[in-house]
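Peer 1: what's the 3D shape of this:
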Amino acid sequence: MITARPSGPLLLGVRHHGPGSARAVRAALDAARPQTVLIEGPPEGDALLPLAADEQMRPPVALLAHAVDDPGRAAFWPLAAFSPEWVAIRWALAHGVPVRFIDLPAAHSLAMAEDGERERRPGQDDQPGPGQDDEPSPGQEAEPRSGQEAAPRPVPVDPIRVLAETAGYDDPERWWEDVVEHRVPGLPGAAVTDPLAAFAALGEAMTALREVYGDGGHPRDAVREAYMRIQLRAARKEFGGAFAVVCGAWHVPALEARTTQTADRALLKGLPKVKAELTWVPWTHQRLARHSGYGAGIDSPGWYEHLFASPDRPVERWMTKVAGLLRDEDRFVSSAHVIEAVRLADTLAAMRGRPLAGLGETTDAVRAVMCEGSDVPLALVRDRLVVGVTLGEVPDTAPAVPLQRDLSRQQRTLRLKPEAAERELELDLRKDTDAARSRLLHRLRLLGIGWGEPAAGRGSTGTFRESWRLHWEPELYVRVAEAGVWGTTVLSAATARAESDALAATALAEVTALAERCLLAGLTEALPVVMRVLADRAALDADVGHLADALPALARTLRYGDVRATDTAALGEVAAGLAERICVGLPPACTGLDADGAAALRRQVDGVHTAIGLLAGAVPADADGLRARWRSVLHRLTARDTVAGVIRGRAARLLLDDGDLAHDEAARLMGLALSPGTPPADAAAWIEGFVGGAAGGGMLLVHDERLLALVDSWLTGVPVGTFTDVLPLLRRTFSAYEPGVRRTLGELVRRGPAAGTDPGSGAVPGRESTAPGFGPVLDAERADAVVPVLRLLLGLDAATRAAATSEHHEERLGATG
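Peer 2: Now for the predicted structure:
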């Protein structure tokens, strides 16, 4: 809104992140040429405003304010290239005009959030639009704090929604496009030529709304507006009336209100205060989108950026962008598609009575013409273009905590640029750069900075390779500020955090997991503290379950000694001691368990079995003795009737897979477990442990028909009254098999056992009962047919030829000598 008084300030009421408002602000400033520009924002950020003119500053960016004593108490003020505030800042800096922020200081707003005026989470922006878009929309109430009863409070009003509904629109965004975005100077087809008319109309509308709704359910606005009026009085004394104010249109009526200095200061008296620091941080278009939960007031920042950057032929240029994106995804989109999509969008706009085609019309046209009616490629268009994956940049000279500066330096050194889009990163730890990247990512995870998360790799599963999923989000800057209390560099902070976590750990498994993370992160200075705590906890903990939970992490840690050049001798001693104690205490711990306890212990047995296999290779001094003691434990578990069936079955399977149990003996154990005297539930549990939840469990039954016949015979003999009791166990066991395995098992069971074959006899059944593809005996001729192919794949023929060539050369040399 622009006041009618020629000597008064220029009040420009805008919608935050509105490209139409941004263009109108630029036109109004060009016309009025004010002596200074005042902008809604925290005044502590005035010293940072000159950085907006830096060549390295690329929006979207945000002012980050955090409490010095509590960095987690933070707020953001995001700005995009199409934000009116950003345009005003850039205009003032380009014309040498002073520019200042005039909103309530962040020192007060952060303290008020803590004191209960308004709950604020890190990453929540502090910029309400003309409709107070960062507040809950009508019909939604703010959630009370944990432990407090919900106090009655007015439902916040969304002015844009109210005005849209008054005009007969059901979509506030569509109404805003029609009355503002498509009716501003410079846009083809725009109906408004006066650059100030939009401000006047919007200001009058907000004045009428505030007469009806008052503060609109935003009680803190009274304090903010009182502070802004005080700043306007100060500017009037300094510059007269030759200054412009850019703020949310909702605040314009309050800034025009006639109040006294005394009354405004009374509203500010006694406000809580904290020490706050501000800096610029990169922002993303995803965080500007309303659906991402940051309340910036727009659903489509990518579309709005396009409108702002393409004042001429915006629809044609947009369709060209969409076509390029779809072509990059190997979809056939021609120039004819683009032309037809533009025509359809314009036609839809005319049919719907809109001045220009908006996002709705272009989306419908893209779906119909370029996506052939499918929403699958349309989702890609929305993610990549309508919302966008742009991540802003800030100059290196921007203030930052020392930890952030060290992180930025390492990111540049290791060529790990933060990106808003999620991406996969494959690391080969034998390379110095990749090893350093791995250490950095692990250290950040230990500090709670979740830039990267380990992912399942597509290549090797060995310890020399790692796969990461990277995704940088703006709130990670807050996490970095929080982690700054531990140190000024990533290494020192991670070391201090690891030592503190080790001393605070209460469970043995926590300490072993921490030891693994320290080794992965290369925190050699923290390892002595962690190891001392680990030894103390291990000596005092007598619970076999706790020991079993702790051993796998230690065993995995020992694998990294070679690839990461770390001394793991102390870890090996502790791990070997844990393994010995588990071997002694496990058999008694497996008795008297309920179903849940047995299932948990069965998983622990799996983990210990894998861990001992790793320990045998990492601690070669007693490798054979450790394996032998563990085999003895498993044999004892299979023979004890008091041990839960799922654990007995699992122990038998582990021995069978390692070649420590003959097939005949496995069939005998299964026969005993499935005998008529065994309760059906116990028998089903044994089957689950033996062939369930393990790789190759189904294939074992496919290739060993003696075991399959035992299971089939037992299953058909289960009494009707107890069948429903064992059915969940059986379904859980067999549903984990691959479809092809289940199909083969069904075929084998349908054909039935071979004639004259006794399932309990151990005789090899005839092959007439097998599934298609199995022969009665080995066909040597057919087997030999694959040998040439195997030799070619393994390179044996090439090696043979090379050896023959070498011998030939040696013979010739001998002859000539």
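
Peer 1: can we go C-alpha only for contacts and neighbour counts from here?
Peer 2: Will do.

Peer 1: for stretch 380-397, the averaged confidence score.
Peer 2: Mean pLDDT, taken over the full extent of stretch 380-397, equals 90.

Peer 1: can you pull out the helices in the stretch 301-450 of the chain?
Peer 2: Shown for the stretch 301-450 of the chain, the helices assigned by DSSP state H, counting those that start in this stretch span residues 301-309, 314-328, 335-351, 359-365, 375-381, 402-413, 432-446.

Peer 1: so what's L378 up against?
Peer 2: Neighbouring residues of L378 by Cα atoms under 8 Å, 6 or more residues apart in numbering: 363, 366-367, 371.

Peer 1: so can I have JSON lines of these showing distance to L672 and neighbour count?
Peer 2: Converted to JSON lines, these look like this (distance: Cα to Cα, whole Å; neighbours: other Cα atoms under 10 Å):
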{"residue": "T363", "distance to L672": "67", "neighbour count": "18"}
{"residue": "V366", "distance to L672": "67", "neighbour count": "28"}
{"residue": "R367", "distance to L672": "64", "neighbour count": "20"}
{"residue": "C371", "distance to L672": "62", "neighbour count": "20"}
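
Peer 1: which one of the helices of the stretch 301-450 of the chain lies nearest to R532?
Peer 2: For these, the distance to R532 is smallest for helix 432-446, at 19.3 Å, taking Cα to Cα.

Peer 1: after the closest one, which helix or strand is next? Please name it.
Peer 2: Heading C-terminal from helix 432-446, the first helix or strand you meet, by DSSP states H and E, is strand 452-454.

Peer 1: quick one: buried residues of that following strand?
Peer 2: Of the residues in strand 452-454, those buried under the neighbour-count criterion (16 or more other Cα atoms under 10 Å) are 452, 454.

Peer 1: with stretch 640-656 instead?
Peer 2: For stretch 640-656, the neighbour count (16+ other Cα under 10 Å) marks 643-656 as buried.

Peer 1: same check, this time on stretch 590-606
Peer 2: In terms of neighbour count (16+ other Cα under 10 Å), stretch 590-606 has its buried residues at 590-591, 598-599, 601-606.

Peer 1: ok, back up a step: most tightly packed of the helices of the stretch 301-450 of the chain?
Peer 2: When you average the neighbours per residue for each of those (mean count of other Cα atoms under 10 Å), helix 301-309 leads with a mean of 22.

Peer 1: that older thread, okay if I get the helices of the stretch 301-450 of the chain as a markdown table plus distance to L637?
Peer 2: Conversion of the helices of the stretch 301-450 of the chain to a markdown table gives the following (distance: least, Cα to Cα, whole Å):
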| stretch | distance to L637 |
| --- | --- |
| helix 301-309 | 63 |
| helix 314-328 | 59 |
| helix 335-351 | 70 |
| helix 359-365 | 65 |
| helix 375-381 | 53 |
| helix 402-413 | 52 |
| helix 432-446 | 39 |
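
Peer 1: closest one to V691 among these?
Peer 2: Ranking these by proximity to V691 (Cα to Cα) places helix 432-446 first, at 36.6 Å.

Peer 1: contact partners of the closest one?
Peer 2: Under the contact criterion Cα under 8 Å, 6+ apart, helix 432-446 has outside partners 414, 416, 427-429, 450-453, 466, 490-491, 494, 497-498, 517, 520-522, 564.

Peer 1: enumerate every residue touching the spatially most central residue of the chain.
Peer 2: The geometric centre of the chain, computed from its C-alpha atoms, lies nearest to H471 (Cα atoms, centre = their mean), at 6.7 Å. H471 is in contact with 418-423, 451-452, counting by Cα under 8 Å, 6+ apart.

Peer 1: can you say which of these are buried?
Peer 2: Applying the neighbour count, that is 16+ other Cα under 10 Å, the buried entries in the contacts of H471 are 418-421, 451-452.

Peer 1: which neighbouring elements make contact with the stretch of helix or strand E573 belongs to?
Peer 2: Assessed by DSSP H and E, E573 sits inside helix 569-589. Applying 3 or more Cα pairs under 8 Å, 6 or more residues apart in numbering; DSSP states H and E, one finds that helix 569-589 contacts helix 527-540, helix 544-563, helix 595-618, helix 623-639.

Peer 1: using PDB, write out every CA atom in the shortest one.
Peer 2: Taking only C-alpha atoms (Å, rounded to 0.1, in the frame of the first residue of the first chain), the coordinates of helix 527-540 have been written out as PDB:
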ATOM      1  CA  LEU A 527      39.700 -44.800  21.500                       C
ATOM      2  CA  PRO A 528      41.700 -45.200  24.700                       C
ATOM      3  CA  VAL A 529      38.900 -43.600  26.700                       C
ATOM      4  CA  VAL A 530      36.300 -45.700  25.000                       C
ATOM      5  CA  MET A 531      38.300 -48.900  25.400                       C
ATOM      6  CA  ARG A 532      38.800 -48.200  29.100                       C
ATOM      7  CA  VAL A 533      35.100 -47.800  29.600                       C
ATOM      8  CA  LEU A 534      34.500 -50.900  27.400                       C
ATOM      9  CA  ALA A 535      36.700 -53.000  29.600                       C
ATOM     10  CA  ASP A 536      35.100 -51.800  32.800                       C
ATOM     11  CA  ARG A 537      31.500 -52.400  31.500                       C
ATOM     12  CA  ALA A 538      32.400 -55.800  30.100                       C
ATOM     13  CA  ALA A 539      33.900 -56.900  33.400                       C
ATOM     14  CA  LEU A 540      30.900 -55.900  35.400                       C
END
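
Peer 1: that helix: which residues count as buried?
Peer 2: Neighbour counts using 16+ other Cα under 10 Å place 527, 529-531, 533-535, 537-538 of helix 527-540 among the buried residues.

Peer 1: and which of these is nearest A94?
Peer 2: Using Cα to Cα as the measure, the one of these that approaches A94 most closely is L527, at 54.4 Å.

Peer 1: isn't the closest one right up against C518?
Peer 2: Yes - between L527 and C518 there is a contact under Cα atoms under 8 Å: 6.7 Å.

Peer 1: what about the stretch 201-350 of the chain, any weak spots by pLDDT?
Peer 2: Counting by pLDDT under 70, the stretch 201-350 of the chain contains low-confidence residues at 290-297.

Peer 1: recalculate using a threshold of 50.
Peer 2: Applying pLDDT under 50 to the stretch 201-350 of the chain flags residues 291-296.

Peer 1: what of the stretch 651-800 of the chain?
Peer 2: Residue ranges of the stretch 651-800 of the chain with pLDDT under 50: 755-774.

Peer 1: that one: strands as residue ranges?
Peer 2: With DSSP state E, counting those that start in this stretch as the criterion, the stretch 651-800 of the chain has no strands.

Peer 1: ok, the closest residue to P34 other than its chain neighbours - how many residues close by?
Peer 2: With sequence-adjacent residues excluded and distances taken as Cα to Cα, 6 or more residues apart in numbering, P34 is closest to F243, at 4.7 Å. Using other Cα atoms under 10 Å, the number of residues around F243 comes to 26.

Peer 1: which phi and psi does R430 have?
Peer 2: When read as degrees, to the nearest 10, the backbone of R430 gives phi -80, psi -10.

Peer 1: name the SS class of W468, please.
Peer 2: Under DSSP: H, G, I helix; E, B strand; the rest coil, the three-state class of W468 is strand.

Peer 1: the residue nearest to it when sequence neighbours are not counted and Y213, how far apart?
Peer 2: Leaving aside its sequence neighbours, W468 sits nearest to P454 (Cα to Cα, 6+ apart; 4.5 Å). Taking Cα to Cα, to the nearest Å as the measure, P454 falls 51 Å from Y213.

Peer 1: kindly indicate which of the contacts of H471 lies nearest A208.
Peer 2: Compare each of those with A208 using Cα to Cα and the shortest gap goes to A420, at 41.0 Å.

Peer 1: against W472, how distant is that closest one?
Peer 2: In this structure, A420 lies at 5 Å from W472, with Cα to Cα as the measure.

Peer 1: between these two, which contacts overlap?
Peer 2: If you check A420 and W472 against Cα under 8 Å, 6+ apart, no residue is contacted by both.

Peer 1: report pLDDT for A88.
Peer 2: According to the prediction, A88 has pLDDT 96.

Peer 1: list the contacts of it.
Peer 2: A88 makes contacts with 25-26, 29, 37, 39, 246, as judged by Cα under 8 Å, 6+ apart.

Peer 1: thanks a lot, see you next time.
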